[in-house]
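Colleague: Sequence first, predicted coordinates after that:
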Amino acid sequence: MIPHFKLAAAGLLLTGLITAACSPPSANTEPATVEAPAASPDVYRFKVGTIETIALRDGGLSGLPNDNAILGVGRTPAEVSAVLTANTLPGDTFELSIQPLLVRDGVRLVLIDAGAGAAMGPTAGKLPASLRAAGVEPSTITDVLISHGHGDHVGGLVDAAGALTYPNAVVRMSAPEWTALQADTQMATLVAAIAPKVETFEPGDQVTPAVFAVPIQGHTPGHTGYEVRSGEDRLLYIADSAHHHVVSVQKPDWANSFDGNATAMQSRIALLGRAADENLRLYAVHFPFPGIGRVTRREDGTLVWAPEGSAMAGS
């Protein structure tokens, strides 16, 4: 059985991006600085225009069974296995990664999602160590942007003792998502810890100078992707629109247990199709590290994940 970490996911129906006034920066006027220490396999630096962005490994799940309880719900293990093995992957198990994204946004150090913390056991919760490997102390994070309130995205907001991992950061999420998180009794302890730090925004708002919310439908009430903008360059953080870099992309119409409702599948189909048609640069938090790439379309119409960096592409 997969651990109960509420990794439910899918849906992304991109709607119009609405620019709103962002919260004022802190009184500090010095640019946020990110040191450049020795290379680490858990840190991947890249640029969006002139903005420095860093993929940070939190961990993930390995050896998940191909039993149609997670991927290909309503299909058969043989059908899912055929897709996996056609892309040179094992047919009986699969893996999911978790890599939050750090954005140097002027005077701000913005972390998009907080990882699992203790919510997924010893295979996750590595984000603070990855930050330090990137030369960033958790205390210097100014903003944590939450895509949605499931454990693998918010669990890392507090440490094992229940203290705030990012004590000087504002925690930002959409107003509908905060309402839903507050209503989740299983998250009551975390909600109490972060409540003084939470600031909400409306779907589609500009949330920091370079980061804009992208409303998402079908996963959670306020599920949000984020678009990082620098000049003409864009990077779309797709949150939980898709989980597996082969099955979710090549078979977006296959249900999975992470789909919040029927809209989630339609959202996935729409997003990935648009990504291929418009050559969008994507950041996929659950695809193989570092999770950066594009979706391309084969001659037969099949969509394929084409990664940047060290991730391996499906054939």
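Modeller: Ah, there it is. Numbering: from 1, shown residues only.
Colleague: Kindly state the pLDDT recorded for residue 246?
Modeller: With respect to pLDDT, residue 246 scores 98.
Colleague: And for residue 259?
Modeller: Residue 259 carries a pLDDT value of 85.
Colleague: And for it, the neighbour number?
Modeller: 22 (other CB atoms under 10 Å). From N, CA and C alone the C-beta is placed, and that goes for glycine too.
Colleague: Could I get the full set of helices for the protein?
Modeller: Secondary structure of the chain (DSSP state H): helices at 77-86, 127-133, 151-154, 175-183, 188-194, 247-250, 262-278.
Colleague: hmm, which helix or strand of this structure has the shakiest average pLDDT?
Modeller: Every helix and strand in the chain was compared by mean pLDDT, DSSP states H and E; the lowest is strand 59-65, with a mean of 91.
Colleague: and that one, which strands flank it?
Modeller: Strand 59-65 sits in its sheet next to strand 93-98 (antiparallel), going by DSSP bridges.
Colleague: what distance separates the least confident helix or strand of the chain from the middle of the whole chain?
Modeller: 16 Å (CA atoms, centre = their mean, to the nearest Å).
Colleague: May I have that strand as CSV, with CA atoms only?
Modeller: These are the backbone C-alpha positions of strand 59-65, laid out as CSV (Å, rounded to 0.1, in the frame of the first residue of the first chain):
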residue,chain,number,x,y,z
GLY,A,59,13.1,12.6,-2.1
GLY,A,60,10.4,10.4,-3.5
LEU,A,61,8.8,7.0,-3.6
SER,A,62,10.4,4.0,-5.3
GLY,A,63,9.2,0.4,-5.9
LEU,A,64,5.5,1.4,-6.2
PRO,A,65,3.6,-1.6,-7.5
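Colleague: what's next to that strand, contact-wise?
Modeller: With CB atoms under 8 Å, 6 or more residues apart in numbering as the test, strand 59-65 has contacts from 2-3, 70, 92-98, 115-116, 120, 123-126, 286.
Colleague: could you flag which of those residues are buried?
Modeller: Neighbour counting with 16 or more other CB atoms under 10 Å marks 70, 94-98, 115-116, 120, 123-126, 286 as buried within the contacts of strand 59-65.
Colleague: Now the two most distant members of those residues.
Modeller: Using CB to CB, these span at most 22.3 Å, a distance reached by 70 and 126.
Colleague: sorry, back to before: what comes up buried for the least confident helix or strand of the chain?
Modeller: Result for strand 59-65 [16+ other CB under 10 Å]: buried residues 59-61, 64.
Colleague: Now do it against helix 77-86, angle only.
Modeller: Angular relation of strand 59-65 and helix 77-86 on a 0 to 180 degree scale: 130 degrees, by axes from the mean of the first three to the mean of the last three CA atoms, to 10 degrees.
Colleague: Now do stretch 190-210: distance from first to last residue.
Modeller: Counting by CA to CA, to the nearest Å, you get 28 Å between the two ends of stretch 190-210.
Colleague: Averaged pLDDT, it. What do you get?
Modeller: Stretch 190-210 carries an average pLDDT of 97.
Colleague: Quick check: buried residues in it?
Modeller: Residues 190-191, 193-194, 197-198, 200-201, 203-210 are the ones in stretch 190-210 that count as buried (16+ other CB under 10 Å).
Colleague: coming back round to it: let me have the helices of the chain in a markdown table, extended by distance to residue 226.
Modeller: Output for those, formatted as a markdown table (distance: least, CB to CB, whole Å):
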| stretch | distance to residue 226 |
| --- | --- |
| helix 77-86 | 29 |
| helix 127-133 | 17 |
| helix 151-154 | 12 |
| helix 175-183 | 13 |
| helix 188-194 | 19 |
| helix 247-250 | 19 |
| helix 262-278 | 14 |
